[in-house]
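> structure for this input, please:
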Amino acid sequence: MTVQSQSCQIEEAMRLDALERQQITDTPRDEAFDRVVRLACATLSAPIGAITFIESERQWIKAEQGLGLQETSRDTSFCTHALTGDEVMVVEVEDATRDPRFASNPFVTSKGGIRFYAGAPLNTKEGYKLGTLCVVDHIPRKITQRDRELLKDMADIVVSEMELRRRVGTDALTGLYTRRFFDELGTREIIRARRESTPLTAAFIDADKFKAINDTYGHPAGDAVLRAIGPACRRALRTSDILARYGGEELVLLLPNASLDQAAPVLERLRQEVAAMVVPELKGCQVTASIGAAELAENDLTISDLLARADAALYRAKEGGRNRVELSLAA
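Numbering: from 1, shown residues only. Below is the predicted model:
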C-alpha cells in the first residue's frame, strides 16, 4: 500500500466517523430538509433534487423531490464524485455515456437517464464532506456562476441545520442526549438493525432513592449526581452506544449490535461504575442504580415498544431490592 493510498483510507475513515457522529442517516423525513430541496429545484429550474449522505457502501437520501428513492449503492452515486472538491461539481454532457465516470451507470444508461447533475458538498466546519445537496435533469443544461454560488449557499444551510440539531439534542445539565433526540436515534437504530439483521438492546438506568438524596443533601447535590452518572456510565460503554437523559434521574441506553446476553456483562460493569462514583456533595454517601434491559424483538414496531419492556425490567430491579440489573427475557 502506498503512503498516498493509506492516507486516503485514513481520511475516509475519519469522514465516515464524522458522518456517524451526526446521527442523521436512517432518520425520518423532515420538512426543514425537504424545504431546502424544493428551493434548490425551484432556483435552478430542475425537476429532481436531493440531500444525500455517502456511507461506506451506500448513498442514503435524507430528502428528495422527483427521485422516489431512499438509498442507492455508492457505486452508482453521482454524489460520490462531488466529494472530491470544495466547489460545486457539474456534470453537463449531451450524452453522459461518453463520460468515463458514468459510462455504465444505470441511472445514465436507462431510458430517460440523467444528462445533467450539479452537486454541492455538505462540508462540516472540520472540513469533512458528508454528502451533497444536488439537482438533476434528464436533458443537457447550463449552470451559471450565480447558480453555483446559490447551490453552495443552500448546502451550507443544510450543514448549519444539522449542527443546530445536534446542539439542541443535548441536555444542558448532563451533556447527554435529550429524550426527544434519543427517540429519533432509536427509530434510526431500529431501522438499521432490521436492515442489517443485527441485534439491538435497550436499557433504562435509574438512580436509586434520588428523591431522598435531594431531600437530604439539597438539589445542588442531586444535580452533582446527575452530572457524574453520565461519565460513570460511559466508562463501561463503547463510543457507538447511545446514552440519554430520559427524564429526572432516569437515563436510557441503546447498545447497537449487542444481544441481551452480550449486553448483560456491560450493564453489570456500568452498575459497578455508578456504585464506585465519588460525589463530594454527598459527604460519603454512595449512589447506586437499578437497570432494566430488553432486546429488540420481532414484534417491536417502534422504539416505544422496546423501551416499554426495558422499563418493565427496571421496575422488577427496583422491586427486587435496587442496585441490580434485570433482563427482559421474553418479548
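> where do the helices sit along the stretch 1-150 of the chain?
Using DSSP state H, counting those that start in this stretch, the helices found in the stretch 1-150 of the chain span residues 3-22, 31-44, 79-82, 106-109, 145-168.
> could I get the average pLDDT for the second one?
Per-residue pLDDT values over helix 31-44 give a mean of 93.
> coming back round to it: deepest of the helices of the stretch 1-150 of the chain, which one?
helix 79-82 (a mean of 22; mean count of other Cβ atoms under 10 Å). Just so you know, the C-beta spots here come from the backbone N, C-alpha and C atoms, and that holds for glycine as well.
> show me what that helix is packed against.
When contacts are defined as 3 or more Cβ pairs under 8 Å, 6 or more residues apart in numbering; DSSP states H and E, helix 79-82 packs onto strand 48-54, strand 116-123, strand 129-137.
> what pairs with the longest one, parallel or antiparallel?
Strands adjacent to strand 129-137 in the sheet, as given by DSSP bridges, are strand 48-54 (antiparallel), strand 116-123 (antiparallel).
> now distance to residue 258 and mean pLDDT too, for the ones you listed, in TSV please.
Supplementary listing: these in TSV, determined by distance: least, Cβ to Cβ, whole Å; pLDDT from 0 to 100:
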stretch	distance to residue 258	mean pLDDT
strand 48-54	24	94
strand 116-123	30	90
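> who wins for proximity to residue 236 among these?
strand 48-54 (30.2 Å; Cβ to Cβ).
> sorry, back to before: with distance to residue 226 as extra columns, can I get the strands paired with strand 129-137 in TSV?
As requested, the strands paired with strand 129-137 are exported to TSV (distance: least, Cβ to Cβ, whole Å):
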stretch	distance to residue 226
strand 48-54	33
strand 116-123	35
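> out of the ones you listed, which is closest to residue 276?
strand 48-54 (39.6 Å).
> other residues contacting the closest one?
19, 24-25, 33, 36-38, 40-41, 59-67, 74, 77, 79-80, 83, 122, 130-137, 158 (Cβ atoms under 8 Å, 6 or more residues apart in numbering).
> tabulate the helices and strands packed on helix 79-82 (CSV), appending distance to residue 257 and mean neighbour count.
Putting these into CSV (distance: least, Cβ to Cβ, whole Å; neighbours: other Cβ atoms under 10 Å) gives the following:
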stretch, distance to residue 257, mean neighbour count
strand 48-54, 20, 25
strand 116-123, 27, 24
strand 129-137, 22, 27
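> could you dump the ones you listed to JSON lines with distance to residue 276?
Output for these, formatted as JSON lines (distance: least, Cβ to Cβ, whole Å):
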{"stretch": "strand 48-54", "distance to residue 276": "40"}
{"stretch": "strand 116-123", "distance to residue 276": "42"}
{"stretch": "strand 129-137", "distance to residue 276": "38"}
